[in-house]
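Participant: coordinates for the following, if possible.
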Amino acid sequence: MVIGAVTGQVLDFVSWDEAGEAFAVAVPDTSSDHQWPPTTVRVPTELRALADGSLQLLSPTTFGARLTRLGHARLRADVDSRHVVLDAVLAPDGFAITLECLDAEQYVVRGIDSAGIETWVIRVGADSHLADVSERSRLLAGAGGRVFLSNVGSLWRVDEGTAELVDRWQGMAAVWCPDGTFGYARYDPERRVLDWVTTNPDTGRSVAVVADRGAQEVLSTVIGVDQAGRVYGGFGRPLGRMSASGELDWLVDVDGVTVSAAHGVTIQSILNGDKGIRLDTVTIAPLGDRRARLIGRTDTGYVLHQPARGTVGTLVFLDAAGRVVNSEPAPENWPLRYCSRQRASVSSVTAAGSVVIAVHSAAGVHVLGLAPEPTQSP
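Facilitator: This next block holds a predicted model:
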């Protein structure tokens, strides 16, 4: 089911040269749903919206990770670590707090000053009192410099170098809300649905919103909340929003996204029942393989990548009306030459109601805000 449409706005751009060579790491794509031989792709990057309205880019590097607070006065910090940096928050003074995975059961939360020196470390995981940490755990950045570790069913304050329990509940991992509360989806066994709960971390007061069944897809993949109290969800193609009163009011199926100076932003969305592909205002019938994804624009049309078993796939070229005009085998490094949409992540919703994602291109990282397309007045 699709409700409404989606629009995209370029919010910022980080070139590969500006980001540094270590930032632009290329690795083989060995995902289970990919074809052989593996293609070469850049490492995934993640964006988050911070409490002060800034956007932050996190990218793995050969030495650990790089954090960049975006805006007119950019601030960067390199995290030196031999472990996987799952998440991180960079303060305006250059102090960074990271969540790192040592192995399947051991994690650390580290405080790193602006000179790159570790000032404190919290060891969490199976052998600690904070045993519910997992790869799904994330850091939440609140106002006033407070940082929390969110796990499935618990929230801990960690910005002072110790883990202080804030709350436990029977439910999913929490996200931070612009009004200073944290929110999470909680299962109602009687109705067999997820509802939405927000809690004030200072008073412990909770408010529950009874959610419609249509909003379940949003609540099962919550990524953030806007200042109007609307809840957003979607880590993959589907992207949706639940109103503050619990109804589903927006749901789109976003696939490929391209950004270029010559052609602006083009978004590929899938129509109801996979019956068509929308490329901005152009609607075309599905290609032979419904997984064909938009990866580029030309002066005369569009470029899609079509997977093919046993090869790196096929490039399909369409004209401005969406008609196939040519196709050719994809080169092994096609992901480095065309656009690649990154997934939305936890805390990637701005207070104004945009979902910020990264789009990789040959030029660099395009920071894009996705939002419901305004409805036209009759």
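Participant: now for this protein, the helix or strand with the poorest mean pLDDT.
Facilitator: The weakest-scoring helix or strand in the chain, judged by mean pLDDT, DSSP states H and E, is strand 26-28 (a mean of 68).
Participant: which helices and strands does the next helix or strand after it pack with?
Facilitator: Downstream of strand 26-28, the next assigned helix or strand under DSSP states H and E is strand 40-42. Using 3 or more Cβ pairs under 8 Å, 6 or more residues apart in numbering; DSSP states H and E, the elements in contact with strand 40-42 are strand 26-28, helix 334-337. Quick note: C-beta positions are derived from backbone N, CA and C, even for glycine.
Participant: any idea of the mean pLDDT in the longest one?
Facilitator: It stands for helix 334-337. The pLDDT scores in helix 334-337 average 90.
Participant: how distant is it from the center of its chain?
Facilitator: Relative to the chain's own centre, helix 334-337 is displaced by 21 Å; criterion: Cα atoms, centre = their mean, to the nearest Å.
Participant: state the next helix or strand along the chain beyond it.
Facilitator: For helix 334-337, the succeeding helix or strand toward the C-terminus, using DSSP H and E, is strand 340-341.
Participant: what about residue 218, is that helix, strand or coil?
Facilitator: Following DSSP: H, G, I helix; E, B strand; the rest coil, we place residue 218 in the helix state.
Participant: mind checking pLDDT for it?
Facilitator: According to the prediction, residue 218 has pLDDT 95.
Participant: you'd agree it is up against residue 233?
Facilitator: Yes: here residue 218 reaches residue 233: they are 3.5 Å apart, a contact under Cβ atoms under 8 Å.
Participant: what is the lengthiest strand in the chain packed up against?
Facilitator: Once the chain is assigned using DSSP state E, the strand that runs over the most residues is strand 248-260. Counting by 3+ Cβ pairs under 8 Å, 6+ apart, the packing neighbours recorded for strand 248-260 are strand 6-15, helix 216-219, strand 238-242, strand 264-270, strand 293-298, strand 340-341, strand 355-360, strand 364-372.
Participant: starting at the chain centroid, how far to the helix or strand that the fourth one is followed by?
Facilitator: On the C-terminal side of strand 264-270, the closest following helix or strand by DSSP H and E is strand 277-279. The gap between where strand 277-279 is centred and where its chain is centred comes out at 22 Å by Cα atoms, centre = their mean.
Participant: who does strand 277-279 pair up with?
Facilitator: Counting by DSSP bridges, the strands paired with strand 277-279 are strand 264-270 (antiparallel), strand 282-284 (antiparallel).
Participant: pLDDT (mean, whole number) over that strand?
Facilitator: Strand 277-279 carries an average pLDDT of 84.
Participant: and the contacts of that strand?
Facilitator: By Cβ atoms under 8 Å, 6 or more residues apart in numbering, the surrounding residues in contact with strand 277-279 are 5, 255, 266-271, 283-287, 292, 294, 302, 318, 322.
Participant: if we use 7 Å, what do you get?
Facilitator: Defining contact as Cβ atoms under 7 Å, 6 or more residues apart in numbering, one finds that strand 277-279 is touched by 266, 268, 269, 270, 271, 284, 286, 294, 302, 322.
Participant: do stretch 188-206 as well
Facilitator: Contacts for stretch 188-206 (Cβ under 7 Å, 6+ apart): 166-167, 171, 177, 181-187, 207-211, 213, 216, 219-220, 231, 246.
Participant: buried ones in stretch 201-215?
Facilitator: By 16 or more other Cβ atoms under 10 Å, the buried positions in stretch 201-215 come out as 201, 209, 211, 214, 215.
Participant: go on, stretch 232-251?
Facilitator: Here stretch 232-251 shows 232-234, 237-243, 246, 248-251 as buried, counting by 16+ other Cβ under 10 Å.
Participant: that older thread, any residues in contact with both of residue 218 and residue 233?
Facilitator: residue 240.
Participant: can you say which two of the buried residues of stretch 232-251 are spatially most distant?
Facilitator: Pairwise distances among the buried residues of stretch 232-251 were taken by Cβ to Cβ; the largest, 23.6 Å, belongs to 237 and 246.
Participant: start and end of stretch 64-84, how far apart?
Facilitator: One end of stretch 64-84 to the other measures 7 Å (Cα to Cα, to the nearest Å).
Participant: most packed of the strands paired with strand 277-279?
Facilitator: strand 264-270 (a mean of 20; mean count of other Cβ atoms under 10 Å).
Participant: just how off-centre is that one within its chain?
Facilitator: Taking Cα atoms, centre = their mean, the mean C-alpha location of strand 264-270 is offset from the chain mean by 17 Å.
Participant: now that strand: average pLDDT?
Facilitator: On average, strand 264-270 scores 91.
Participant: between that strand and strand 248-260, how big is the angle?
Facilitator: 130 degrees (axes from the mean of the first three to the mean of the last three Cα atoms, to 10 degrees).
Participant: check what contacts strand 264-270 and list those residues.
Facilitator: 6, 8, 10, 252-259, 277-280, 293-294, 297, 368.
Participant: and if we set it to 6 Å?
Facilitator: The contact list for strand 264-270, computed with Cβ atoms under 6 Å, 6 or more residues apart in numbering, reads 6, 8, 252-259, 278-280, 294, 297.
Participant: sketch out the low-pLDDT regions of the stretch 51-200 of the chain for me.
Facilitator: Regions of the stretch 51-200 of the chain meeting the criterion pLDDT under 70 cover residues 126-127.
Participant: CSV for the buried residues of stretch 201-215, including secondary structure, pLDDT and distance to residue 65?
Facilitator: Converted to CSV, the buried residues of stretch 201-215 look like this (DSSP: H, G, I helix; E, B strand; the rest coil; pLDDT from 0 to 100; distance: Cβ to Cβ, whole Å):
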residue, secondary structure, pLDDT, distance to residue 65
201, coil, 94, 27
209, strand, 97, 35
211, coil, 96, 35
214, helix, 93, 38
215, helix, 95, 34
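Participant: settle this for me: residue 225 is touching residue 176, isn't it.
Facilitator: No: look at residue 225 against residue 176 with Cβ atoms under 6 Å: they stay out of range, at 7.8 Å.
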